[in-house]
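Colleague: my questions concern the predicted model and sequence given below.
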Amino acid sequence: SLLQEIKLSKMDSSSQARVKLLERVKKNLRPTLISQKGGVSLDRLNRDYSELMGEGIPFRQLQFQSMETFLRSIPDICSVEWRKGEVMVSGVADENTEHIVKMVRLQKTKSRARKKRGGGPSRPLQRQPL
């Protein structure tokens, strides 16, 4: 937008580069996160992001001490919470991605069903000729 361009023109070049990097990271983080039902751990998020982008989340270049503090600073992109003893990150939809979130929400969650032991025949029964 014009307002962002005016703000950028008043910054020095390193600040401008940081703002552009932040926008790029935010743009790439949202789809990485909203495709995961129930959120992901910090490690998994960084691994997924790295596989997609060829680099980890550059939180230090953005002047943050940790990835968690960086992610907490962008509540428009993600929510961060402690769950089952680890930090979990979930994507926050915008008007362009709400439909994706709805589709992901409707996906069946994989259950870890145990295989039944014993019981039936090991090969299909063959019908006896009449």
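Modeller: That came through fine. Residues are numbered from 1 along each chain as shown.
Colleague: so which residues of the protein form helices?
Modeller: 2-10, 13-34, 42-53, 67-72, 98-106 (DSSP state H).
Colleague: report all helices and strands that the fourth one contacts.
Modeller: Think helix 67-72. helix 42-53, strand 78-83 (3 or more Cβ pairs under 8 Å, 6 or more residues apart in numbering; DSSP states H and E). Where you see a C-beta, it was placed from the backbone N, CA and C, and this is true even at glycine.
Colleague: now render these as TSV, adding mean neighbour count and distance to residue 68.
Modeller: Below are those laid out as TSV (neighbours: other Cβ atoms under 10 Å; distance: least, Cβ to Cβ, whole Å):
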stretch	mean neighbour count	distance to residue 68
helix 42-53	15	6
strand 78-83	14	6
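Colleague: quick one: which of these is nearest residue 34?
Modeller: strand 78-83 (9.1 Å; Cβ to Cβ).
Colleague: what's near enough to touch residue 48?
Modeller: Residues in contact with residue 48, defined by Cβ atoms under 8 Å, 6 or more residues apart in numbering, are 32, 36, 40.
Colleague: give the buried residues for stretch 53-65.
Modeller: 57-59, 64 (16 or more other Cβ atoms under 10 Å).
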